[in-house]
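Asks: no sequence on hand, only this structure:
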């Protein structure tokens, strides 16, 4: 059974810092991986989706990388801003089906 | 742009009561999903509908029923609520399959006393 882990569970950084969020998964036979952002009391917003054949995806200040063989993905946030404060979740799809396995999330706080 | 709309936003039930959570999307998506989010457990799939007229069980379907009323609407029903069903419920949709980008509603916070 696929298990997805995100460490650390919480992170607090000063504004302007570059930071990396980690996601690890136990079964490397994934179809793709998505990174989501969740603001308090809100639903999830998809940030980046990486196919298994891809190494990375970029959107603005966000860059997500994927290393299938080691079962890891990282989300890099450049020049962090207070507006980046949220919980970030990763989710993997194993067989191009309808099941996603989510990690527990990293709660990020960027201090002004 | 409404996206995925869920109602209600908050609900308190007594054990044994029933209720239906409503979800509608206006993106002409084929697939719709119901998830629950619990502290320490992450998001878990309850039921999904890959297309109008079809529904399938997810990881935690016990105690729930669903109806895909039409392409836009996908409802989740609790027939006899239990305290273990206290959770935040999210509806989501995707154009075709879950391996595509998912769009989520804002959630329903449900408490069962």
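Replies: Arrived safely, thanks for sending. Since the structure is predicted, the reported quantities are computational estimates derived from the model, not experimental observations.
Asks: paired strands for the helix or strand of chain A with the lowest mean pLDDT, with orientation please.
Replies: Ranking every helix and strand in chain A by mean pLDDT, DSSP states H and E puts strand A:100-102 at the bottom, with a mean of 91. Strand pairing for strand A:100-102, determined by DSSP bridges: strand A:86-93 (antiparallel).
Asks: picking up where we left off before, what sits up against the least confident helix or strand of chain A?
Replies: Here strand A:100-102 makes contact (Cβ atoms under 8 Å, 6 or more residues apart in numbering or on different chains) with A:2-4, A:25, A:34, A:89-94, B:42-45, B:98, B:102. No exception for glycine: its C-beta is placed from N, CA and C like everyone else's.
Asks: what lines up beside the following helix or strand past that strand in the sheet?
Replies: Per DSSP states H and E, the first helix or strand lying C-terminal to strand A:100-102 is strand A:106-111. Strand A:106-111 pairs in its sheet with strand A:10-14 (parallel), strand A:86-93 (antiparallel), by DSSP bridges.
Asks: wait, is residue B:67 part of a helix?
Replies: No: applying DSSP: H, G, I helix; E, B strand; the rest coil, one finds residue B:67 to be strand, outside a helix.
Asks: just the strands in chain A please.
Replies: A:4-5, A:10-14, A:19-25, A:32-38, A:44-51, A:56-59, A:62-67, A:72-77, A:86-93, A:100-102, A:106-111 (DSSP state E).
Asks: quick revisit: redo the strands paired with strand A:106-111 as TSV? Include distance to residue B:33.
Replies: Shown next, in TSV, are the strands paired with strand A:106-111 (distance: least, Cβ to Cβ, whole Å):
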stretch	distance to residue B:33
strand A:10-14	27
strand A:86-93	12
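Asks: quick check: residues of chain A near chain B?
Replies: Proximity of chain A to chain B (Cβ under 8 Å from any Cβ of the partner chain) is limited to residues A:4, A:31-32, A:34, A:36, A:41-46, A:49, A:89, A:91, A:93, A:96-100, A:102-105.
Asks: just the buried residues of those.
Replies: Among the residues of chain A next to chain B, those buried by neighbour count (16 or more other Cβ atoms under 10 Å in any protein chain shown) are A:4, A:31-32, A:34, A:36, A:43-44, A:46, A:49, A:89, A:91, A:93, A:98-100, A:102-105.
Asks: who's the residue lying closest to residue A:104 once chain neighbours are set aside bridged to?
Replies: Nearest residue to residue A:104 in three dimensions, chain neighbours excluded: residue B:42, at 5.0 Å (Cβ to Cβ, 6 or more residues apart in numbering or on different chains). Note on residue B:42: beta-bridge partners by DSSP bridges are residue B:38.
Asks: how many neighbours does residue B:42 have?
Replies: 18 (other Cβ atoms under 10 Å in any protein chain shown).
Asks: what sits against it?
Replies: A:4, A:89, A:102-105.
Asks: distance-wise, check it relative to residue B:36.
Replies: Using Cβ to Cβ, to the nearest Å, one obtains 10 Å as the distance from residue B:42 to residue B:36.
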